[in-house]
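Colleague: model the structure of this input:
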Amino acid sequence: MSLPRPTPESLRGRIPLLAASYAVMTREGVDGREVLLQLRQGTGFMDGWWACGAAGHIEDAGSPAEALHREVEEELGVEVPAATPLTMVQRSTLAGVREQRADFFFHVTQWSGEPLLQEPDKAAELRWWPLAQLPERVVPHERPVLEGLRDGGLPPSSRWVTTSDSSSSPRWAPIAPSASTGACRGTCPRTSSTSRRSRWVA
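Modeller: Prediction:
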């Protein structure tokens, strides 16, 4: 689903996507399922907001899974034996080529060791939050993923689009089928009634 907007020449044609992996780590708590979040600080991006427990860019032509395992170990000091692909979010802004993103989210329910902050210069706090009571300030493109995991109906892929630059009010929507062919651009979202209700706008 694309929003009407002028596209600058620098973003025309084939544009590479900067890819990253996110660990959505959950456990059973006293009041239901909990998710591990870190409070960002000192990074220059969304400082003062809660984010997934670990995340980082895909490097050296590696895979999303390799990036996931590396970031969980570097940021939390634990090893993950297995993770389940959860969803992919494409983020598109007019802020430049480096702001065309592909975010791979993984659901992690098993790990060895105790998750602890390993990079205190990049995060002020690490906390388990009930999925039913997320903090108010969750990084905007991550919140719909956490809510979708909680509520069900999370599409396998979605787009995050802004109409001007990265500071604009963004819109989140599942990737829409092509009007002419009916084929999905990318991975088709599920067509159940639950999936159709999961059209978030942030």
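Colleague: for this protein, what spans make up the helices?
Modeller: Assigned helices in the chain, in chain order: 64-76, 143-151, 193-197 (criterion: DSSP state H).
Colleague: the ones you listed: which one's closest to M25?
Modeller: Nearest to M25, of all the helices of the chain, is helix 64-76, at 7.9 Å by C-beta to C-beta. Using the backbone N, CA and C atoms, a C-beta is placed for each residue, glycine as well.
Colleague: same for the closest one, what does it pack against?
Modeller: Packing contacts for helix 64-76, counted by 3 or more C-beta pairs under 8 Å, 6 or more residues apart in numbering; DSSP states H and E, involve strand 18-29, strand 54-57, strand 100-108.
Colleague: tell me the buried residues in the first one?
Modeller: By neighbour count with 16 or more other C-beta atoms under 10 Å, strand 18-29 contains the buried residues 19-26.
Colleague: and what of stretch 34-46?
Modeller: For stretch 34-46, by 16+ other C-beta under 10 Å, it's 34-40, 46.
Colleague: quick revisit: looking at the helices and strands packed on helix 64-76, which is closest to L134?
Modeller: strand 18-29 (12.0 Å).
Colleague: how close does L36 get to V80?
Modeller: 12 Å (C-beta to C-beta, to the nearest Å).
Colleague: what of A124?
Modeller: 24 Å.
Colleague: if we can go back for a sec, out of the helices of the chain, nearest to S92?
Modeller: helix 143-151 (15.4 Å).
Colleague: average pLDDT for the closest one?
Modeller: Helix 143-151 shows a mean pLDDT of 95.
Colleague: report all helices and strands that that helix contacts.
Modeller: Against helix 143-151 (3+ C-beta pairs under 8 Å, 6+ apart) you get strand 18-29, strand 32-40, strand 84-92.
Colleague: dump the buried residues of strand 18-29 into JSON lines; add pLDDT as well.
Modeller: Formatted as JSON lines, the buried residues of strand 18-29 follow (pLDDT from 0 to 100):
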{"residue": "A19", "pLDDT": "87"}
{"residue": "A20", "pLDDT": "92"}
{"residue": "S21", "pLDDT": "97"}
{"residue": "Y22", "pLDDT": "97"}
{"residue": "A23", "pLDDT": "98"}
{"residue": "V24", "pLDDT": "98"}
{"residue": "M25", "pLDDT": "98"}
{"residue": "T26", "pLDDT": "98"}
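Colleague: make JSON lines out of these and add distance to W50.
Modeller: Shown next, in JSON lines, are the buried residues of strand 18-29 (distance: C-beta to C-beta, whole Å):
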{"residue": "A19", "distance to W50": "22"}
{"residue": "A20", "distance to W50": "17"}
{"residue": "S21", "distance to W50": "18"}
{"residue": "Y22", "distance to W50": "13"}
{"residue": "A23", "distance to W50": "14"}
{"residue": "V24", "distance to W50": "13"}
{"residue": "M25", "distance to W50": "13"}
{"residue": "T26", "distance to W50": "15"}
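Colleague: appreciated, that's everything.
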